[in-house]
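Chemist: following is a predicted model, sequence given first.
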Amino acid sequence: QVQLVESGGGLVQAGGSLRLSCAVSSSAFSTYAMAWFRQAQGKEREFVATISWNGGKIYYRDSVKGRFTISRDNAKNTVYLQMNSLKAEDTAVYYCARRGGLNPHEASSDGKTYVYWGQGTQVTVSS
C-alpha cells in the first residue's frame, strides 16, 4: 500500500512563507507524476500544482503562479511545495497526491487521475 505523509503546514502571517513536504512510501516514486491540491472550509477541492515524473513538466493554478514552487527529490521519495507571499485566500488543507491510470508519469491538474492521497496538512494565513 502506498502511503503519502504531508508535513510543514501551520499558521503564518500574510506575506510569509511555508514549505510543505510529502513523503511517499513507494519504491516506484520516480515513475509517477505528483500534485498538490487544497480544500478550503466549505469549498470544493482545487488543484494547486503538478509535476511530472522527472520534473520536466510543471503546471500551476493561475492564482499561485509566481508565488508557489513545486519540486521533487526522487532520491528521497519526496515532493515539495514552497509557498511564498502567502495570502489569506491560501488558507486551506493541502493534500499531496500520486497519479495513477493511463500515463501516470505525466503531470495533470485533474484530481480524478490521482489514486493515492495524503491525509492533508492545514495551512492558515492570517491577514
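Modeler: Structure's in. What do you need?
Chemist: quick check: closest non-adjacent residue to the most centrally placed residue in the chain.
Modeler: The residue lying closest to the centre of the chain (Cα atoms, centre = their mean) is Trp36, at 2.0 Å. In this structure, Trp36 finds its nearest non-sequential neighbour in Val48, 4.3 Å apart by Cβ to Cβ, 6 or more residues apart in numbering. All C-beta atoms are positioned from the backbone trio N, CA, C, and that covers glycine.
Chemist: I'd guess that neighbour is in a strand, am I close?
Modeler: Yes: counting by DSSP: H, G, I helix; E, B strand; the rest coil, Val48 falls inside a strand.
Chemist: okay but it is in contact with Ala40, surely?
Modeler: No: contact criterion Cβ atoms under 8 Å: Val48 and Ala40 do not qualify, at 11.5 Å.
Chemist: where does Ser108 fall, phi/psi-wise?
Modeler: phi -150, psi 140 (degrees, to the nearest 10).
Chemist: touching, it and Phe37? I think so.
Modeler: No: contact criterion Cβ under 8 Å: Ser108 and Phe37 do not qualify, at 11.3 Å.
Chemist: between the two, what contacts are shared?
Modeler: Residues touching both Ser108 and Phe37 (Cβ atoms under 8 Å, 6 or more residues apart in numbering) are Tyr114.
Chemist: all strands of the chain, in order?
Modeler: Along the chain, the stretches classed as strands by DSSP state E are 4-7, 10-13, 18-24, 34-39, 46-51, 58-60, 68-73, 78-83, 92-99, 114-117, 121-126.
Chemist: residue contacts, the residue lying closest to Leu11 once chain neighbours are set aside?
Modeler: Among residues not flanking Leu11 along the chain, Thr124 sits closest, at 4.7 Å (Cβ to Cβ, 6+ apart). Counting by Cβ under 8 Å, 6+ apart, Thr124 touches Gly10, Leu11, Val12, Thr91.
Chemist: one more: Tyr94?
Modeler: Glu6, Gly9, Leu20, Trp36, Phe37, Arg38, Val48, Leu81, Gly120, Thr121, Gln122, Val123.
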